[in-house]
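In: next input, structure requested:
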Amino acid sequence: MSEDTITRLTLDGREIILIGTAHVSKESAAEVKQVIEQEQPDSVCVELDAQRYESVMNSDRWRQMDIFKVLREKKATLLFMNLAISSFQNRMAKQFGIKPGQEMIQGIQSAEAAGAELVLADRDIQTTFARIWGNLGFFGKGKLMTSVFGSILVQENISEAELEKMKQQDTLNAAMHEFSEAFPELKTPLIDERDQYLAQKIREAPGEKVIAVLGAAHVPGIKNHIYEEQDLEELSTRPKKSPLPKIIGWAIPIAILSVILFTFMNNPSAGWDQTISWLLWNGGMSAVGAAVAFGHPFAVLTAFLVAPFSSLNPLMAAGWFSGLVQAYVRKPNVGDLESISDDVQTMKGFWDNKVTRILLVVILTNIGSTLGTFIGGADVLRTFFQNF
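Out: Below you'll find the model as predicted:
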């Protein structure tokens, strides 16, 4: 056992043992097994919520996914981000020949073998995503999406020795400092709040001896928070949506329609120019987005036809329609569902897999529609000012 990765604490006469892992390291999984077997704890906490527990324990989860349900519930972007963010970890795991989350699986298996109670100690991942998204403004969300796409493009290898160094606290704290500077909006919900949540769940774990299997990034924070009561209810609350995006979402189409209507009443020829410009810019940019995603021609056509009208209704999005058409004409088969985990490790795989291509069609169509709205709206105003 390494003193760099094992932290022993005493809390109200109980022994708390924190194991800091690197998530895709063979040594981490072996160490988890060794510590639990030697210590024979009363309970084992793992850095998983119910959803991720099901993911790591159910290898057939992708086969059970209903892509049409994902689209209908407007969760395409969320699913895409989840897949993209996990792609780096999957590539590292494949490089070292270890299953992603193996140290958590080992913790679960060793807890059962030792007769210890298993505690799923992490916050619900949907709540974490909601609090991350709620902390970001428009440009912050764009920056995050760009970084997510960039993570797919990066194909870097790392030595296992370097990976093990990631577990050293000094290196880790330096990395977290850089991370917080690059994305200050994300550090609080992604790291700090989960440190508090994990600390409280560990505090509440039953028994005189508790072992917690954690990503090394959380160990310093948990050490700071575990001696104080944390409010799990507050940490589990999803942020209320600001009314501003909805107000802006309705204000833009109302303004554009008002300008076009006023122009028609006073100069029908200019009004037709505005209408054509709006249709071409909005439909054209949306179609380009669907085409970049290698969408089926029917999906591209749908994007072109729907976008000029969906952009005038904040409750609709062109990507939903083009995505549904893509899913209908290029319905994923079992092989596509089974190979998602491997395919998302490369940019080519994201475009080749029918499931992720549908997600790309949805996202890129919506991005194209947003660009078309700004460009088309600006051209509508240009025509208005030229004629009045």
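In: buried residues in stretch 348-357?
Out: 349-350, 353-357 (16 or more other C-beta atoms under 10 Å). Using the backbone N, CA and C atoms, a C-beta is placed for each residue, glycine as well.
In: off-centre distance for stretch 223-232?
Out: Stretch 223-232 sits 26 Å away from the centroid of its parent chain (C-alpha atoms, centre = their mean, to the nearest Å).
In: need the contact partners of that stretch.
Out: Identification of contacts with stretch 223-232 by C-beta atoms under 8 Å, 6 or more residues apart in numbering yields 7, 9, 11, 16, 18, 195-197, 199-203.
In: please apply the same query to stretch 304-320.
Out: 71, 74, 76, 246, 249-250, 253, 256-257, 278-279, 282-287, 289, 302-303, 321-322, 361-366, 368-369, 372-373, 376.
In: quick one: end-to-end length of that stretch, please.
Out: End-to-end distance for stretch 304-320, by C-alpha to C-alpha, to the nearest Å: 13 Å.
In: in that stretch, what's buried?
Out: 304-308, 310-312, 314, 317-320.
In: out of these, list just those in helices.
Out: 304-308, 310, 318-320 (DSSP state H).
In: Throw those into JSON lines and include pLDDT and distance to residue 207, thanks.
Out: Formatted as JSON lines, these follow (pLDDT from 0 to 100; distance: C-beta to C-beta, whole Å):
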{"residue": "304", "pLDDT": "97", "distance to residue 207": "62"}
{"residue": "305", "pLDDT": "95", "distance to residue 207": "62"}
{"residue": "306", "pLDDT": "95", "distance to residue 207": "57"}
{"residue": "307", "pLDDT": "94", "distance to residue 207": "58"}
{"residue": "308", "pLDDT": "93", "distance to residue 207": "62"}
{"residue": "310", "pLDDT": "90", "distance to residue 207": "55"}
{"residue": "318", "pLDDT": "91", "distance to residue 207": "54"}
{"residue": "319", "pLDDT": "91", "distance to residue 207": "49"}
{"residue": "320", "pLDDT": "90", "distance to residue 207": "49"}
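In: could you dump these into CSV and include distance to residue 267?
Out: Listed next are those as CSV, based on distance: C-beta to C-beta, whole Å:
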residue, distance to residue 267
304, 27
305, 27
306, 28
307, 26
308, 21
310, 27
318, 29
319, 34
320, 35
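In: which of the residues you listed lies closest to residue 50?
Out: Nearest to residue 50 among those is residue 320, at 28.1 Å by C-beta to C-beta.
In: quick one: the closest one from residue 266, how far?
Out: From residue 320 across to residue 266, the span is 36 Å (C-beta to C-beta, to the nearest Å).
In: re the thing from before, columns distance to residue 117 and pLDDT on top of the buried residues of stretch 348-357, output as JSON lines?
Out: Output for the buried residues of stretch 348-357, formatted as JSON lines (distance: C-beta to C-beta, whole Å; pLDDT from 0 to 100):
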{"residue": "349", "distance to residue 117": "39", "pLDDT": "76"}
{"residue": "350", "distance to residue 117": "40", "pLDDT": "75"}
{"residue": "353", "distance to residue 117": "39", "pLDDT": "83"}
{"residue": "354", "distance to residue 117": "42", "pLDDT": "85"}
{"residue": "355", "distance to residue 117": "37", "pLDDT": "83"}
{"residue": "356", "distance to residue 117": "38", "pLDDT": "85"}
{"residue": "357", "distance to residue 117": "43", "pLDDT": "89"}
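In: and whichever strand or helix holds residue 129, what's its mean pLDDT?
Out: In this assignment (DSSP states H and E), residue 129 forms part of helix 125-134. For helix 125-134, mean pLDDT is 80.
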